[in-house]
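A.B. asks: here are the coordinates; sequence isn't available:
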């Protein structure tokens, strides 16, 4: 496909209509390096280099390229279309009756959790509009419906931008303000109330109380051994990670298998969900193989061996961010961006000296290939590979999307590197930031603003002006998503990072600032994440009228969700482990 030496050639072919701009490629001749030779990292250095002690990747290039799927191509499309029409008929028929809001809400919930609701956006919109006007628009209407309908309707309607006040649950509390007195043995209703509580915003005490009560109630139910295994699995799953915090694609894989065991499942929905999942998985696999070829051509895995070789894990983040079929270009570009971010993080956080990092940051700021002459050899390799990749991304965005986004990408990458440099300066000076200082810089260093800059030009955006106008609207969404991403990552990685002497992360910053124990600090960080979700929930509800803003917001939110998923059981990104491997297999390799 292309030369195996990245410094000479850089493939970036996303569609047949987009070819490489040869002018954007920096060649080794420019650096006076022989054509048949790529720079090696020096084996000796005047400084003692730290090491992340990262294990090699579990996923070799040859293994990735050998993966296949029988769901590739167009042969399954007629069957998919037939099933979609059958489900569309089910939605229309049930919605016309307007007799049972709970039945329709359950149908919408099933479509969302099965991962197939994107096929029926207009139909779902009409269903929810009818349910809102008939049952949730006023207190006179919602007082007539049961707990289960209230809780499920509250969650789904809030997800779709409807303002449903927390007071909808006031009548299920007793005179003392407790839920327990008025709740009967309606476990499904309690489970739906638990899930609804995670759609709360700030200062919604009723929902805070509901979350505390339902969590305790559901744990007790499990301890008392529920005879219904399907219900038991739903509760266990919800207590592990609530639905509002769950990655949609991960939820789809899990829920399809759970739904199949349900007594009253709809076989048409199940068949569509399975086929759709497998077709999307085949698309994702081709995206991964493409990205794997790009990574091999950088040769960073062999030439910069101190870097984490986590190409597959980086790609896993992209399908968590947006798994829809039309967004293959987004995933292919974003996987490269993730890989570059991971590599830069290792340069700044582990390997580089402060003087080298200052020089490298200056080179990024100047965006001038001639500025790297004084850099050590390994940084020249980094800069050339990075420079070529970003220029190729710019070329694709210009030729296929019609946007020249290089000025925005340059600014975003400069901002990331400066945030990395500040953390390095803290490390080398021995400075211990406060929790607030740490978060203010971590908002940038976690790289979500950079990711969304790339993503913005790969959605349904119609103009650069639309992106610029959206910046102010989405500023808080970006900040809150970044904080969730940063803090969730810290909870999973801080032990390893501290063992190699990194700059204190959020847990340590809070301990040093307040004298708290590690357990107290971890609890504080978890509570901070919960409260940040409340702020994010409020901001999300304000952007539902714009498709572009919805797409950007959902990508940002999903990045926060991916962090809570990847770091839920330790460092699922930095260290290959059995848990991450099983997720890669279920989401990318093994069809249902």
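C.D. replies: Perfect, I can see it now. Every value quoted in this text rests on a predicted model; they were computed, and no experiment measured them.

A.B. asks: which residues sit in contact with residue 452?
C.D. replies: For residue 452, the contact set (Cβ atoms under 8 Å, 6 or more residues apart in numbering) comprises 474, 478, 552, 555-556. In this view, the C-beta of every residue, glycine as well, is placed from N, C-alpha and C.

A.B. asks: Name the member of these with the most neighbours.
C.D. replies: Within the contacts of residue 452, residue 556 tops the neighbour count with 28 neighbours, counted by other Cβ atoms under 10 Å.

A.B. asks: tell me which element it falls in.
C.D. replies: Per DSSP states H and E, residue 556 falls inside helix 547-566.

A.B. asks: Enumerate the positions of that helix that are buried.
C.D. replies: 548-566 (16 or more other Cβ atoms under 10 Å).

A.B. asks: In the helix or strand that it is followed by, which residues are buried?
C.D. replies: On the C-terminal side of helix 547-566, the nearest following helix or strand under DSSP H and E is helix 578-584. Of all the residues in helix 578-584, those buried under the rule 16+ other Cβ under 10 Å are 580-581, 583-584.

A.B. asks: Determine which two of the residues you listed are furthest apart.
C.D. replies: The distance between the two most remote of the buried residues of helix 578-584 (Cβ to Cβ) is 7.3 Å, for 581 and 583.

A.B. asks: Just checking the distance from the longest helix seen in the chain to the centre of its chain.
C.D. replies: Secondary structure of the chain read by DSSP state H shows that its longest helix is helix 464-499. From the chain centre to the centre of helix 464-499 is a distance of 10 Å (Cα atoms, centre = their mean, to the nearest Å).

A.B. asks: orientation of the helix or strand following that helix relative to helix 464-499 in degrees?
C.D. replies: Next helix or strand after helix 464-499 toward the C-terminus (DSSP H and E): helix 506-514. Per axes from the mean of the first three to the mean of the last three Cα atoms, to 10 degrees, the angle that helix 506-514 makes with helix 464-499 is 70 degrees.

A.B. asks: any residues touching helix 506-514, and which ones?
C.D. replies: 432-435, 437-439, 442, 486-487, 490-491, 494, 498, 504, 516-518, 520-522, 524-525.

A.B. asks: Give me the buried positions along that helix.
C.D. replies: Within helix 506-514, the residues that count as buried by 16+ other Cβ under 10 Å are 506-511, 513.

A.B. asks: do stretch 481-500 as well
C.D. replies: For stretch 481-500, using 16+ other Cβ under 10 Å, the buried residues are 481-494, 496-497.

A.B. asks: Flag the shaky bits of the protein, pLDDT-wise.
C.D. replies: For the chain, the stretches flagged by pLDDT under 70 are 1-53, 97-98, 174-185, 495-501, 569-578.

A.B. asks: let's see 80
C.D. replies: 1-56, 94-99, 173-185, 225, 493-503, 544-545, 568-579 (pLDDT under 80).

A.B. asks: tell me the secondary structure for residue 72?
C.D. replies: coil (DSSP: H, G, I helix; E, B strand; the rest coil).

A.B. asks: give me phi/psi at it?
C.D. replies: Here the main-chain torsion angles of residue 72 (degrees, to the nearest 10) amount to phi -80, psi 140.

A.B. asks: got the contact list for it?
C.D. replies: 282-283, 285-286.

A.B. asks: could I get those as CSV with distance to residue 420, secondary structure and neighbour count?
C.D. replies: Formatted as CSV, the contacts of residue 72 follow (distance: Cβ to Cβ, whole Å; DSSP: H, G, I helix; E, B strand; the rest coil; neighbours: other Cβ atoms under 10 Å):
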residue, distance to residue 420, secondary structure, neighbour count
282, 37, helix, 20
283, 33, helix, 20
285, 32, helix, 21
286, 33, helix, 16
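
A.B. asks: For residue 251, state which of those is nearest.
C.D. replies: Among those, and counting by Cβ to Cβ, the member closest to residue 251 is residue 283, at 18.5 Å.

A.B. asks: Residue 328 is in contact with the closest one, correct?
C.D. replies: Yes - with contact defined as Cβ atoms under 8 Å, residue 283 reaches residue 328; the gap is 6.2 Å.

A.B. asks: Run a quick neighbour tally on residue 381.
C.D. replies: By other Cβ under 10 Å, neighbour count at residue 381 equals 23.

A.B. asks: same deal with residue 239?
C.D. replies: 15.

A.B. asks: Make sure it is actually in contact with residue 215.
C.D. replies: Yes - here residue 239 lies in contact with residue 215, judged by Cβ under 8 Å, at a distance of 7.0 Å.

A.B. asks: what's near enough to touch the residue nearest the centre of the chain?
C.D. replies: In the chain, the C-alpha nearest the mean C-alpha coordinate belongs to residue 559, at 2.5 Å (Cα atoms, centre = their mean). Residues in contact with residue 559 (Cβ under 8 Å, 6+ apart) are 317, 320-321, 448, 451, 481, 485.

A.B. asks: Go again with 7 Å.
C.D. replies: 321, 448, 451, 481, 485 (Cβ atoms under 7 Å, 6 or more residues apart in numbering).

A.B. asks: Among the residues you listed, which one lies nearest to residue 55?
C.D. replies: Compare each of the contacts of residue 559 with residue 55 using Cβ to Cβ and the shortest gap goes to residue 485, at 23.7 Å.

A.B. asks: for the stretch 1-150 of the chain, what spans make up the strands?
C.D. replies: Assigned by DSSP state E, counting those that start in this stretch, the strands in the stretch 1-150 of the chain number zero.

A.B. asks: need the helices for it, in chain order.
C.D. replies: 61-66, 77-97, 101-113, 121-131, 139-142, 147-159 (DSSP state H, counting those that start in this stretch).

A.B. asks: now the third one and helix 147-159, what's the angle there?
C.D. replies: The directions of helix 101-113 and helix 147-159 differ by 50 degrees, with the same axes, to 10 degrees as the criterion.

A.B. asks: Give the buried residues for helix 101-113.
C.D. replies: The neighbour-count check on helix 101-113 (16+ other Cβ under 10 Å) flags 101-102, 104-113 as buried.

A.B. asks: just those now: which is nearest residue 396?
C.D. replies: Nearest to residue 396 out of the buried residues of helix 101-113 is residue 112 (Cβ to Cβ; 31.9 Å).

A.B. asks: any idea how far the closest one lies from residue 592?
C.D. replies: 18 Å (Cβ to Cβ, to the nearest Å).

A.B. asks: Domain ranges for the chain, per the record?
C.D. replies: 77-274, 299-589 (automatic domain parsing).
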